[in-house]
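Chemist: Output the structure for:
(one chain, ligands or ions: 1)
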Amino acid sequence: MKETISGLSVYFEGNSKNKSIIFLHGFPYDHTMWKAQIDELSEKYFCVTYDIRGLGESPVGDGQHTMEYFVDDLETIINELKLDKPILCGLSMGGYISFRALERMEEKFSAVILCDTKSEADNNEGKLKRAAAIKRINTEGLAPFAKDFITNCFGDNYKQHNKEEFKKRIAKSSGFDPVGVKGSLLAMLSRNDTTEYLSNVKIPALIICGEHDALTPPAVMKPLAEKINGAEYVVIKNSGHMSPIENPEEVNIALRDFLNKL
Ligand code: MLT
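Modeler: Here you go, the predicted structure:
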């Protein structure tokens with residue numbers, strides 16, 4: 001089912017009386033990246049996902065986006081759907097939104113799942129890379145940037161064995177509105193560092209990392225997990241940065257094991 005909330009395209013599967021999980025996608029993707037997880041979990045959970053502002057089918061507006069604005073959207077959706085302490089599940093940029101949401105309103109959630117992400121803000125080099133990406137999109141259009149960025153996200157195993165699916169991902173993201181994609185780049189570039197908050201997290205946490213993740217590798221994610229009291233840490237084999245797409249079987253096992261314990 002689909003509903004429009006605050007202009008955003010919001011999708012849900014499962015019985016709304018069940019415990020809810022809200023899934024936040026990465027950049028530059030849309031809600032469809034969580035399909036395998038929602039197919040697996042919607043029998044037992046009310047699964048909610050949406051296209052982050054500026055991406056997929058959600059409105060682009062003026063493209064002047066911030067992480068705060070993205071967290072406001074998350075809060076609006078939770079309030080509008082009257083979700084009672086949902087489980088928050090975010091990948092990469094969806095993880096950045098999740099970290100800031102915990103910092104702002106942890107009491108609204110019952111557990112958190114963080115996939116292929118990090119709590120640190122962009123350093124100088126990272127900021128300059130975002131600026132270069134915006135310049136590249138302005139001069140060359142979105143497609144070359146999307147192709148290079150997405151190629152770096154996926155591990156070799158997935159790219160070799162899922163050539164058609166991989167091409168479709170690139171084509172889909174290349175068709176997004178460049179203003180919205182640049183809006184996400186601005187939001188990520190200007191986000192705050194949430195590392196200090198990690199030791200305050202009180203809700204159960206699961207940290208998932210693709211073993212070949214080139215953007216947020218295990219060397220970044222293991223220390224992150226160690227900063228959260230009692231967090232579980234799972235490395236996903238044969239996977240790059242997009243573990244829920246690249247190795248859905250292992251990710252789903254990790255999710256089910258974690259959720260069953262709650
Ligand atoms: C993502 O997957 O959301 C991006 O890799 C995040 C980023 O560029 O920092």
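
Chemist: What segments of the protein are helices?
Modeler: With DSSP state H as the criterion, the chain has helices at 35-41, 67-80, 93-105, 124-140, 142-153, 156-161, 163-174, 178-189, 218-227, 243-246, 248-261.

Chemist: Check the burial of D73 by counting its neighbours.
Modeler: 22 (other Cβ atoms under 10 Å). In short, each C-beta sits where N, CA and C put it, glycine included.

Chemist: nope, A133 is what I meant
Modeler: Neighbours of A133 under the rule other Cβ under 10 Å: 19.

Chemist: before we move on, back to that, any idea which of the helices of the chain is most buried?
Modeler: Most buried of those, by mean neighbour count (mean count of other Cβ atoms under 10 Å): helix 243-246, with a mean of 27.

Chemist: Next one: that one, is it in contact with the ligand?
Modeler: No. Using Cβ under 6 Å from any ligand atom, helix 243-246 stays clear of the ligand, with a minimum separation of 10.8 Å.

Chemist: For the helices of the chain, could you give me JSON lines that also reports mean pLDDT and distance to I236?
Modeler: JSON lines is the format used below for the helices of the chain (pLDDT from 0 to 100; distance: least, Cβ to Cβ, whole Å):
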{"stretch": "helix 35-41", "mean pLDDT": "98", "distance to I236": "12"}
{"stretch": "helix 67-80", "mean pLDDT": "98", "distance to I236": "25"}
{"stretch": "helix 93-105", "mean pLDDT": "98", "distance to I236": "15"}
{"stretch": "helix 124-140", "mean pLDDT": "98", "distance to I236": "24"}
{"stretch": "helix 142-153", "mean pLDDT": "98", "distance to I236": "14"}
{"stretch": "helix 156-161", "mean pLDDT": "96", "distance to I236": "11"}
{"stretch": "helix 163-174", "mean pLDDT": "98", "distance to I236": "17"}
{"stretch": "helix 178-189", "mean pLDDT": "98", "distance to I236": "23"}
{"stretch": "helix 218-227", "mean pLDDT": "98", "distance to I236": "10"}
{"stretch": "helix 243-246", "mean pLDDT": "98", "distance to I236": "4"}
{"stretch": "helix 248-261", "mean pLDDT": "98", "distance to I236": "5"}
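
Chemist: Nearest approach to R53 belongs to which of these?
Modeler: For these, proximity to R53 was assessed by Cβ to Cβ; helix 67-80 is nearest, at 5.7 Å.

Chemist: Please find the angle between the direction vectors of that closest one and helix 178-189.
Modeler: 100 degrees (axes from the mean of the first three to the mean of the last three Cα atoms, to 10 degrees).

Chemist: residues in the stretch 151-262 of the chain within reach of the ligand, list them.
Modeler: The stretch 151-262 of the chain has residues C153, M188, L215, H241 near the ligand, with proximity defined as Cβ under 6 Å from any ligand atom.
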